[in-house]
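Student: dropping a prediction and its sequence here:
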Amino acid sequence: MRINILPKDVADKIAAGEVIERPVSVVKELVENAIDAGSTDITVEITGGGKESIRVSDNGEGIDKEDVEKAFLRHATSKIKKTEDLRKLSTLGFRGEALASIAAVSRVELITKTEDEKTGIKLVLHGGEKIISESVGCPRGTTIIVRDLFYNLPARLKFMKSEAAESGQIIDMVSRLAITRTDIKFKLISNGKNVFSTLGNKDLKSAIISVYKDREYKDLVLCEKQEKNMGIHGYISRPSFSRANRRSQYFFVNGRTVKSSVIEKGLNLGYKERLFDGRYPIAFLFIDVDPAAVDVNIHPNKKEVKFDDDVAITSLVRDAVIDALTKKDAVVTSADALKSEEDTSGYTAKKSDFNAKAKKADVSSGEQIGIRDFLKRETREEDTTSGKNNAGEKNSVASGRKETSSSKQADKRDELGTPDIEVNGIAPFDFDELTFGETIFNTYITATDETNFYLIDQHAAHERINYEKFVSAYMNNEKNSQVLLLPITVDVPSEIVDDENWQEILSRMGFALELFGENSFVFREIPEFMEISEAEDFIKTFVDEYIEGNTLGNRVVIDKLITKACKSSIKAHDAISREEVDALISELKSCGNPFSCPHGRPTFVKFRLYDIERMFKRIQG
């Protein structure tokens, strides 16, 4: 077998295939270069979804004449000089492959001029080969025109998507960059039509509205928090304004758009108990961390990042979201509540999805859901309140993975033994500003402040109060058990008979068990929040799932505590006295999350004076 050295044109095409996947890849590289060049005004024009032509113009520094041709060589970059620079990256592009890769598979025209030069230079390349190099008159900055992408790679051209699909990807990418850099004026033109333009006035909300043109985005809530070595800022939606998918969630790290399960996890925890299952908030979140604490080079297109401390990032996001959702601006309004009902009216829940089921059912009925239905729920969230367990290790996320017996058992002590429920210690809404009136329909307590009228759902409020009491008792090991007259006997596989981990986990939940025979255990006590039949069913399923490596225990606890809170609460249409109203409000305002019941329904709704006056035609608009 002989080893061949590939010709330059072949090697360049192979390299281009790794960097340039489709038109959006070209636009991304060119716009990021424009940003790194200090531009304050960037225009992107595409035709035919970028397959016909792409033009990116900026007013940045420009390229020195003697470096113009050098810029199209592979691994030529102004961003890094030595290995240490890779740990301190703050620029968007740095590999030095983009221009060489683009030129190898298209016809490229570059016009550029620096501030100090009297004239600019025009360079034309076809398939990486120089065709023209001449002086031209032009303003400071750089314009790059890319035509006939993949004209010399027909196999790659064949697999391009439709014009609409390719345009959509470009629009999405440029949109993200436009809200990332609100200090830059962005204009995007497709087939001669202006898609959007931003003002470059450093106003993030203005940029979001300009780019996404959604009227409801004007009501997004500011979300920001600063720690000693990291920070977060951005906008999120009120719990009443949600989507059926995550497509309206945008995450950025040090100015780079990314996908991050770590940030997503923090967002989920921040909205915990505020949204029905299957509903997702809108979020535009920007994380700023020390560049040395994040690796941006783990994905070929730099779409993903790896943090040195995942738990710290998750906690930062969660705490910032919780803080934002406690502000007055985040309280559910009457219009929000109606819009939320419209948004979720077409949502079909899984049979086992308790929270979604609670929306369609009358939650005041205290409907019982079978324990197996609880166990079928996907366990996706773990609490990150402490960030570390007693041994100083980071808590691991429930993954359902299969491992060797020893490592699996070691993981289970952490994954299953630590409850994933909490009572959020947040700064609550200031109920002391409200003046309380009568209760209407024996269900809704009325209240007002200077500019708003409120209705408080007595059942939802009491449910929240009871739920936090039950959770607090559970977290403080006040796990009351009920003694059984006829104990439950369960056979377990021989492989876990001597495994004390699963026994300890069940003991923490309120079960009292002991070995009874060769492969049998007898349960003499069960948690007070379970029926006997449910407890027996749960034990058997728990053992099966433990063997498989799944973590389901505390998810059941949460759902059963929700049901218990629901059943023990004041119901709609129950007449309560003035004293009981005062006591209810007093307890609600001391809750960690007074805004929603554990199902995600609002405990109170705000009617703004502005909206009321509009209804009575006192004001227009």
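Tutor: The structure has been received and is ready for your questions.
Student: neighbouring strands of the helix or strand hosting residue 234 in the sheet, and parallel or not?
Tutor: Per DSSP states H and E: residue 234 is located in strand 230-236. Sheet pairing for strand 230-236, assigned by DSSP bridges, gives strand 221-226 (antiparallel), strand 283-289 (antiparallel).
Student: can you say which of the ones you listed is nearest to residue 611?
Tutor: Residue 611 lies closest to strand 221-226 among those, at 17.8 Å (C-beta to C-beta). To be clear about C-beta, it is placed using only N, CA and C from the backbone, and glycine gets the same treatment.
Student: show me where pLDDT drops low in the stretch 1-150 of the chain?
Tutor: The stretch 1-150 of the chain contains residues with pLDDT under 70 at 1-19, 74-97.
Student: quick one: the strands in it?
Tutor: 41-47, 53-58, 107-113, 120-126, 129-136, 141-147 (DSSP state E, counting those that start in this stretch).
Student: how about stretch 451-460: buried residues?
Tutor: Buried residues in stretch 451-460, counted by 16 or more other C-beta atoms under 10 Å: 452-460.
Student: Serialize those to CSV and add fields for secondary structure.
Tutor: Formatted as CSV, those follow (DSSP: H, G, I helix; E, B strand; the rest coil):
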residue, secondary structure
452, strand
453, strand
454, strand
455, strand
456, strand
457, strand
458, helix
459, helix
460, helix
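Student: closest one of those residues to residue 154?
Tutor: The closest of those, once distances to residue 154 are taken by C-beta to C-beta, is residue 460, at 62.5 Å.
Student: helices and strands around the following helix or strand past the strand holding residue 234, which ones?
Tutor: Downstream of strand 230-236, the first helix or strand assigned by DSSP H and E is strand 242-243. On a contact count with 3 or more C-beta pairs under 8 Å, 6 or more residues apart in numbering; DSSP states H and E, strand 242-243 meets strand 280-281, helix 334-344.
Student: so what touches the strand holding residue 234?
Tutor: 204-205, 208, 217, 220-226, 267, 281-290, 293, 312-313, 316-317, 320-321, 324-325 (C-beta atoms under 8 Å, 6 or more residues apart in numbering).
Student: which among the residues you listed end up buried?
Tutor: 204-205, 208, 217, 220-223, 225, 267, 281-287, 289, 293, 312-313, 316-317, 320-321, 324-325.
Student: residue 501: which element?
Tutor: helix 500-509.
Student: enumerate every residue touching residue 106.
Tutor: Contacts of residue 106 (C-beta under 8 Å, 6+ apart): 26, 127, 146-151.
Student: now do the contacts for the residue most central in space within the chain.
Tutor: The structure's the chain has its C-alpha centroid closest to residue 264; by C-alpha atoms, centre = their mean the separation is 3.1 Å. With contact set as C-beta under 8 Å, 6+ apart, residue 264 has these partners: 246, 249, 251.
Student: top of these by neighbour count?
Tutor: residue 251 (23 neighbours; other C-beta atoms under 10 Å).
Student: quick one, grab the pLDDT at it.
Tutor: Looking at residue 251, its pLDDT is 95.
Student: what's the distance between the nearest residue to it once chain neighbours are set aside and residue 513?
Tutor: With sequence-adjacent residues excluded and distances taken as C-beta to C-beta, 6 or more residues apart in numbering, residue 251 is closest to residue 263, at 4.7 Å. Distance of residue 263 to residue 513, given as C-beta to C-beta, to the nearest Å: 40 Å.
Student: rewinding a little: and the helices and strands packed on strand 242-243, which one is worst for confidence?
Tutor: helix 334-344 (a mean of 58).
Student: and the gap between residue 332 and residue 222?
Tutor: 17 Å.
Student: contacts for the longest strand along the chain?
Tutor: What stands out as the longest strand in the chain, according to DSSP state E, is strand 481-491. Applying C-beta under 8 Å, 6+ apart, the external contacts of strand 481-491 come out as 510-512, 516, 519-528, 532, 535-536, 539-540, 543.
Student: for that strand, buried residues please.
Tutor: Going by neighbour count (16+ other C-beta under 10 Å), the buried part of strand 481-491 is 481, 487-488, 490.
Student: hmm, back to that, of the strands of the stretch 1-150 of the chain, which is nearest residue 255?
Tutor: With C-beta to C-beta as the criterion, residue 255 lies closest to strand 41-47 of the strands of the stretch 1-150 of the chain, at 14.2 Å.
Student: helices and strands around the closest one, which ones?
Tutor: Using 3+ C-beta pairs under 8 Å, 6+ apart, strand 41-47 sits against helix 23-36, strand 53-58, helix 163-180, strand 185-190.
Student: what's around residue 172, how many residues?
Tutor: 13.
Student: name the nearest residue to residue 137, sequence neighbours excluded.
Tutor: residue 119 (5.9 Å).
Student: let's have the strands paired with strand 230-236 in TSV, adding mean pLDDT.
Tutor: Conversion of the strands paired with strand 230-236 to TSV gives the following (pLDDT from 0 to 100):
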stretch	mean pLDDT
strand 221-226	94
strand 283-289	95
